[in-house]
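In: starting from these lines, generate the structure:
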Amino acid sequence: MLDENQNITRLQLNGKEYVLIGTAHVSKKSAELVKEVIEQEQPDSVCVELDKQRYESVQNGNKWSEMDIFQVIKEKKATLLLMNLAISSFQKRMAEQFGIKPGQEMIQGIESANEIGAELVLADRNIQITFSRIWGNVGFKGKAALLTQVLAGLFSKETISEEELEKMKTQDAIDSVLQEFSTEFPRLKKPLIDERDQYLAQKIKDAPGKKIVAVLGAAHVPGIIKEIQKEHDLKKLREMPPKSKLPKIIGWSIPFVIICLIAYTFWTNPIAGWQQVWSWLIWNGGFSALGALIAFGHPLAILTTLVAAPITSLNPFMAAGFFAGFVQALVKKPHVSDFEALTQDVHTLKGFWNNKVTRILLVILLANIGSSIGTFIAGTDIVRVFINNL
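Out: As a prediction, this is how the structure comes out:
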């Protein structure tokens, strides 16, 4: 009996009936349950935990071959693309383990809605807005921890049975995971879970008809049960986070101080001033080039970041990795086969480094990290020389 299934929640609100299905995104049983519920309930609307972008991806597949890598570099989205690749790759690996397509329960929800003539509602917030609100909310330390966790999960060989997956959808398991998540990433939970609970709840509540079925990740069900009782401003939840002025102030302050220290040292002791200049060039360019080298960048890309890093580090709007990645993309332009192999290649370190697309992303990321390290070391040395010559 469906009513006895612990993954189904029924709500009555303002004369409407809501049937929430808690799913796992890589579970065959979840897809079967979605089909069964929609066929039995015959709802007026079916809400799925997708936005327009992910809906098109589910319908058409990840059309990596159409991606413009130069546009990704230009818009400075290399890090976000790396995270997106890591997450989709993990889901694909899990789905392959269970012999289904990634997001099969969402695909089933779409197909079943079409079969019975129900209104399909894309109930989730745009993924780029969620990513932006996450990225702008966690700070530098949080960004580093998040990227490390995502990449660590990418190369993990750990497997899980579908029985264990089903257990993870129970209320106790969800509460435990969310509690641990809230403790470890308190600033991450709000944009990733809480705000999306509010957004999903409002979209589900506003869905047309008297009976609505919603296909949701099990982790969102407890929050939606609570939030659907309230009214939420979808426009406000869709707002991109305001950019803080502090990073810009710090970004311009560091090069200003560096230039002033070198200029003053030159005025008092030209030999020491040249020592500062060489320190800036060697440490900054050297570490950035080392980052590109670790990424197995083309020699021209490595040379580019060696020259560019000391200059770009003095301008917050520029990054050495941008130039290195652009050169890497020009001399080692990815083929259609590289884009098509993306989700498979990122399963392994070897594949990650061999695929031309991810190598470009790695060149950008590691060259920028190297430049940041070089800026810190060179800046410390410049301050030391300045103090010694006072």
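In: test for you: state the pLDDT assigned to E115.
Out: The predicted structure scores E115 at 94 on the pLDDT scale.
In: and it, how far from I38?
Out: Between E115 and I38 the distance is 8 Å, computed by CB to CB, to the nearest Å. For every residue, glycine as well, the C-beta is placed using N, CA and C.
In: settle it for me: which of the two has more neighbours?
Out: I38 (23 against 11; other CB atoms under 10 Å).
In: my guess is that one contacts G109. True?
Out: Yes: I38 lies in contact with G109 (CB atoms under 8 Å); the separation is 7.0 Å.
In: now do the shared contacts for these two.
Out: V46, V213 (CB atoms under 8 Å, 6 or more residues apart in numbering).
In: so for the top helix by length along the chain, what gets flagged as buried?
Out: Identified as the longest helix of the chain according to DSSP state H is helix 356-388. Of all the residues in helix 356-388, those buried under the rule 16 or more other CB atoms under 10 Å are 356-375, 377-379, 381-382, 385-386.
In: same question for stretch 103-115.
Out: If you call a residue buried by 16+ other CB under 10 Å, then stretch 103-115 has these buried ones: G103, Q104, E105, M106, I107, Q108, G109, I110, S112, A113.
In: try stretch 15-31
Out: Buried, per 16+ other CB under 10 Å, within stretch 15-31: 16-31.
In: which of the residues you listed fall in helices?
Out: Here DSSP H is the test, and those give K28, K29, S30, A31 as lying in helices.
In: residues in contact with the third one?
Out: S30 makes contact with N7, I21, T23, A24, Q104, E105, K169 under the criterion CB under 8 Å, 6+ apart.
In: separation between F296 and T358?
Out: Here the distance between F296 and T358 works out to 11 Å (CB to CB).
In: what of W283?
Out: Here the criterion is CB to CB. By it, W283 lies 28 Å from T358.
In: the strands in the chain, which residues?
Out: Ranges of strands in the chain, per DSSP state E, are 8-13, 16-23, 45-48, 119-122, 211-217.
In: mind putting these in JSON lines, mean pLDDT included?
Out: Compiled in JSON lines, these are given as follows (pLDDT from 0 to 100):
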{"stretch": "strand 8-13", "mean pLDDT": "92"}
{"stretch": "strand 16-23", "mean pLDDT": "92"}
{"stretch": "strand 45-48", "mean pLDDT": "96"}
{"stretch": "strand 119-122", "mean pLDDT": "95"}
{"stretch": "strand 211-217", "mean pLDDT": "93"}
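In: pick the most buried one from these.
Out: Looking across those with neighbours counted as mean count of other CB atoms under 10 Å, the highest average goes to strand 45-48: a mean of 26.
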